[in-house]
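Novice: Build me a model from this:
(chains A and B)
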Amino acid sequence: MTQTSFPFLTVIVLLPIIGGVLLAFVPVDKLAKYLALGVSVVSGVLALIVMLLFKTGDAGYQFVTNHSWVSSLGIGWHFGVDGISLFLMEMVALIFPIILIATGDKTKNNTYSAWLLILEGACFGSFLSMDLFGFFLFFELTLIPAYFLIIGWGGKERSKAALKFFLYTLFGSAFLFAAMVILVVIHHSQTGVFTFDITKLAHTKLSYASQVLLFLGFSAAFVIKTPIFPFHTWSPKAYSEAPTSGSISLASIMAKLGTYGLLRFDLNFFPQASYRLAPILLTLGVIGIIYGAIVAAVQRDFKRLVAFSSLSHLGFVAIGIFAFSTIAMNGAILQMFNHGILTAAMFLIIGMILERTKTIDISKLSGLQKAAPVLSGAMIVVILASLGLPGTNGFIGEFLILSGTFIGHRWWAVVALGGVILSAVYLLWAYQRAFHRKAEESHSVIKDMTMKEKLYIAPLIILIFFIGIFPSTMLNKISPSVNLLVHHVQQANHIVKQPAYAASYKSGSAASKNKHSNLNATELYRPGAPTSRWLYAAKSTSNETNLQMKTGSVK
Amino acid sequence: MIATQLLLPKISYFSILPEICLIVGALVMLAMTSVTRNRITSKVYTGITVLAGIASIGFSIKNYHDVLRSGAHLVIDKVLAIDGFSVLAAILVSACVIIAAFLTQNFVDRENWSGPEIFALMLLAGSGAQFMAAANDLIMIFLGLEIMSISLYVLAALDTKRIQSGEAALKYLVLGGFASAIFIYGSAFVYGSTGTTNLGQIASFFATSYYTHNGLLIIGMVLVIAGLGFKVAAVPFHVWSPDVYQGAPSPSVTLMSSIAKIGGFAALLRILMTALVSYKADWQPIIYILAVASLLVGAFGGLVQSNVKRMLAYSAINHSGFILLGLVAATQVGVSASFVYLIAYSFIATGVFSVVTILGSKGDQNHDIRNYRGLAKKHPYLILGFAVLLFGQAGIPGTVGFIAKLSVFEALARSGGPGAYSLVVVAIVSSVISAVYYLRVVIACYSKPDEEMIIPDRLFSSSLSPISPIQKADGDIGQEHEGVTLLVEDKVENLKTEDVDTQDFRVGIGSSIAVILTSGIVVVLGIFPNLIIDLANHATFIF
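Specialist: Got it, this is the predicted structure:
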């Protein structure tokens, strides 16, 4: 863990929240969006600096700030960033300024910008908190701005959508809350210390039975937030009734809170339960992939289509997490980032369509391509990335997840692969219907993208290709932390009895893996595999040169 | 002691100055009015009430320092305990009275009430609650209980223009009197089996003696719990509360929901945790059942209400269940946790009822959730404060409501008693269910005035009560009670009238202070919970 003199993370988290609260009470309707944008950009730049200063190859937390907050309960103002949370932070830092630029039109007042800023701060806080209490606080705090964004600026049935969304997630969080308190109390009874510090709580000794119960409590919150099938029923309504900004923050950012929670807390605190119950989550993930894709194909509302496609894509992330292979998990984290970028771009473009044609009913749209070639071009890039075309970021994520899963959990990967094909079906079909066909009268004269729109879509499009071509820039930073986590799970399940795997990353050199090293040691296990396989696995672990592969061959 | 003559105990006036301040404030107001007939404005009364409250807080703080310096002590022939718990509870009561006074000032101006009665009664009720919190003797608890209750009965009846107010007061009086009788009856049994009414002496009696047949004591204990359970509206002693909350004038309800709970819980905690602590195994299951019942009835009962005050009555029942959780834990940590919850709840409840009082508009009738539509557009900051307070009720992190829930759960989980974990789960589920009705109110405020009320009507009439809105309004005041036809007509009338006028009100300065103060406290304590957690850790009993 490294300490820095400037409290980067504290500022990144607090700046938007304080800015938002101040903005809510200062009646500056005209200036509000510029002020909000300014605050958001400053946070974003700081996050960017953190990424540049981030030490590649260090598996632990960096930029740690730790202050006592509620001393009697051992709650700390404790932030840190590691490979798992780094790019999620960047995602928040990138997307919120874009939302503020894209949706800050005349109908929005200072309250709108204020809610968005508070939401940004809360999202930063949840990804960066190293304190379970702090995480929960920010995790729940995201609900309030999202709720107000929906009921303030949403569609026709917004009240119902807002209530459903709020209650559903609150219900899940309630179990997280109970499990959290019980975990802390158990830790207290073992060590005599009250703490919510997640690095310390990870050392709590739990019987298998209590691990399972607590695992279920924690997961309840996360699978609902993500959402993972069959806990997704709130999401289509909420996504479609929310304003563009709300949809983006729900789908791109807040959905990742769920997957991040699974990764950070379930795997860390309850490695045995996570490992043994993994087949359940893998199965749910795979069902989500297929079911989401099929249902997405028959949606008429573009936003609902994205809601179900999100269910499908987040299913990939879920199987990537619960395959317990470093490759798949690297892929899952990368895919979380990718999904954030792609969904944001998708909703932004849908927002543009809605603005121009006043409808996002796919069956009523037609021939947009003639009238708006740039807009259509952007959309097809996003769609192709979303269905995993090589050269785009979607491909890297899905490929890593599927290949990593295939090693240990073959049949799940095989079925999930079907989802890739289905996603091509529903996305391209929707594109054809809305953009090709013969244009209706009203749609033949719509404006193409304006300069402003091009400007804010551009960074997302660039990222789609950049990550597609140079994934190693990200994977290098992600993988040490992932290796540590996978090792933690494996050690708890007595799968590998080797010294810490992450040791080999001290050099800080390129550490991402390519196809050939897919078959290396740590990935090679699955429940019920014969012992000889384990032996083989252990043997080839020592062959660490395997890992030091050039990254260029990933492509 | 010398037995041959009647010996009056030495009264340490200095220790009871907080209570005396409140009583003197009330008497000064009454005396002033009798001299200068109706020439005094409500501002003066508010000023006096606030001053009395502040003086009371000041002397309580002095007592607090005494306790910290020289330890807790008993005064006035050991009937009053000056310990961490009593002085902190006294501060809390005074704070609630002050907030309620600010609010009442605008209320009495709006309703054209004159006279100091409401202020004087609020101060007296406050002193009663403070006596209850400090009482170390069953008789003293009874005295405090009666001072508080009688003031509250009158407060409930003060709105002479509305028949509902009288109805509420009558219900409160009859059932409350019944509960007081049960309490004193129980005290008699306890006295019969231990030979003393002093809580400390009861405890030391049990420390040295053991009953092979303790039926008498158990009866006494159950009756005492029932009597106090009525005051704090724990299920199954809650049936009065929705009707009374709905009918009584809103400022009175503000006080009823806060200080009556503080006093009632203080007495309950003290009796069970000091005098009867050796019978823990006997009363814990009773409290467990009361807690579960309160949690569930409070959560589900509120779902079907369309009158906000009535809904908040169920919310108060739900919160009683949470406070009882600390008592189920039956540890010192549990007492502190209950106290944290009491602090949090008192501020939230006074705040919420402050807003409800403001929204009631002239006539104090505008409490149907349908009339809240579109309020956010007209009064954005007021509704923001309201939303903060309601989120506090729901226990959303960032508000003190969350800290309160966290501490009771933690205390309960730590006690590790039978069924502790399952009770935590029940409590959490109930808090989510109750969140439904808090959110309903928020959504109503933020929806457009002409928008159809999607949420309550469709959500609840389809799933829970398949009756039309008008019928539901009939049902609101409790179908089983006779003689409310007038009320029902009134209610229907209220629904039919255009609700646009009811939203045209000015938020007075006093009410603004009350709302800003409470919502500010809710957020600040939510972010810096150290302030109350440390305090509550000092809220220990003398034994």
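
Novice: Now look at the lengthiest strand in chain A and say if it contacts chain B.
Specialist: In chain A, ranked by residue count with DSSP state E as the criterion, the top strand is strand A:62-70. Yes: looking at strand A:62-70 against chain B by CB under 8 Å from any CB of the partner chain, the contacts come from A:69, A:70. Glycine gets a C-beta too; all of them are placed from N, C-alpha and C.

Novice: Need the residues that contact that strand.
Specialist: Residues from elsewhere that reach strand A:62-70 (CB atoms under 8 Å, 6 or more residues apart in numbering or on different chains): A:1-4, A:7-10, A:50, A:53-55, A:75-82, A:130-131, A:133-134, B:529-530, B:533.

Novice: immediately after that strand, which helix or strand?
Specialist: Downstream of strand A:62-70, the next assigned helix or strand under DSSP states H and E is strand A:75-81.

Novice: can you pull out the strands in the stretch 301-450 of chain A?
Specialist: Assigned by DSSP state E, counting those that start in this stretch, the stretch 301-450 of chain A shows no strands.

Novice: orientation of the longest strand of chain A relative to strand A:75-81 in degrees?
Specialist: Counting by axes from the mean of the first three to the mean of the last three CA atoms, to 10 degrees, strand A:62-70 lies at 170 degrees to strand A:75-81.

Novice: Do I have it right that residue B:176 meets residue B:228?
Specialist: No: applying CB atoms under 8 Å, one finds residue B:176 not in contact with residue B:228, separated by 11.8 Å.

Novice: More neighbours: these two, which one.
Specialist: residue B:228 (27 against 24; other CB atoms under 10 Å in any protein chain shown).

Novice: Would you check that that one makes contact with residue B:270?
Specialist: No: counting by CB under 8 Å, residue B:228 stays clear of residue B:270, with 10.2 Å between them.

Novice: Parallel or antiparallel, which strands does the longest strand of chain A pair with?
Specialist: strand A:75-81 (antiparallel) (DSSP bridges).

Novice: And the partner strand, how far out from the chain middle?
Specialist: Centre-to-centre, strand A:75-81 and its host chain are 20 Å apart (CA atoms, centre = their mean, to the nearest Å).

Novice: Now for the chain, the helix or strand with the poorest mean pLDDT.
Specialist: No chain was given, so I picked chain A. helix A:531-541 (a mean of 38; mean pLDDT, DSSP states H and E).

Novice: right idea, wrong chain: chain B
Specialist: Result, chain B / mean pLDDT, DSSP H and E: helix B:462-463, a mean of 38.

Novice: hmm, back to that, which among the contacts of strand A:62-70 count as buried?
Specialist: Among the contacts of strand A:62-70, those classed as buried by 16 or more other CB atoms under 10 Å in any protein chain shown are A:7-10, A:50, A:54, A:75-82, A:130-131, A:133-134, B:529-530, B:533.

Novice: where's residue A:40 relative to residue A:125, distance?
Specialist: The gap separating residue A:40 from residue A:125 is 15 Å, by CB to CB, to the nearest Å.

Novice: okay, these two: which has more neighbours?
Specialist: Neighbours per residue (other CB under 10 Å) separate residue A:40 from residue A:125, with residue A:40 holding more: 28 against 25.

Novice: Need the pLDDT of that one.
Specialist: If you check residue A:40, the pLDDT there is 89.

Novice: For it, pull up the helix or strand it's in.
Specialist: Short version, using DSSP H and E: residue A:40 is in helix A:29-53.

Novice: relative orientation of that helix and strand A:75-81 in degrees?
Specialist: Going by the same axes, to 10 degrees, helix A:29-53 makes 70 degrees with strand A:75-81.

Novice: Up against chain B, what does chain A have?
Specialist: By CB under 8 Å from any CB, the residues of chain A that approach chain B are A:24-25, A:69-73, A:111, A:136-141, A:143-144, A:147-148, A:151-152, A:157, A:159-160, A:162-163, A:166-167, A:170-171, A:174-175, A:177-178, A:181-182, A:184-185, A:188-189.

Novice: Can you get me a residue count around whichever residue of the stretch 451-555 of chain A sits closest to chain B?
Specialist: As assessed by CB to the nearest CB, chain B sits closest to residue A:492 within the stretch 451-555 of chain A, at 23.5 Å. Residue A:492 has 18 neighbours, counted by other CB under 10 Å.

Novice: Pull the contacting residues for it.
Specialist: Listed by CB under 8 Å, 6+ apart, the contact set of residue A:492 reads A:271, A:272, A:275.

Novice: which of those residues lies closest to chain B?
Specialist: Closest approach to chain B among the contacts of residue A:492 (CB to the nearest CB): residue A:272, at 20.0 Å.

Novice: May I ask which helix or strand encompasses that closest one?
Specialist: helix A:271-297.

Novice: Also residue B:312?
Specialist: Applying DSSP H and E as the criterion places residue B:312 in helix B:308-329.

Novice: From the chain's centre, how far out is that helix? Work that out for me.
Specialist: With CA atoms, centre = their mean, you get 10 Å for helix B:308-329.

Novice: Was I right to think residue B:335 contacts residue B:326?
Specialist: Yes: counting by CB under 8 Å, residue B:326 is a contact partner of residue B:335 at 6.3 Å.

Novice: what's the nearest residue to the spatially most central residue of chain A if we skip its chain neighbours?
Specialist: Chain A has residue A:256 as the residue nearest its centroid, 2.8 Å off, counting by CA atoms, centre = their mean. Leaving out its chain neighbours, the residue that sits closest to residue A:256 by CB to CB, 6 or more residues apart in numbering or on different chains is residue A:336, at 5.0 Å.
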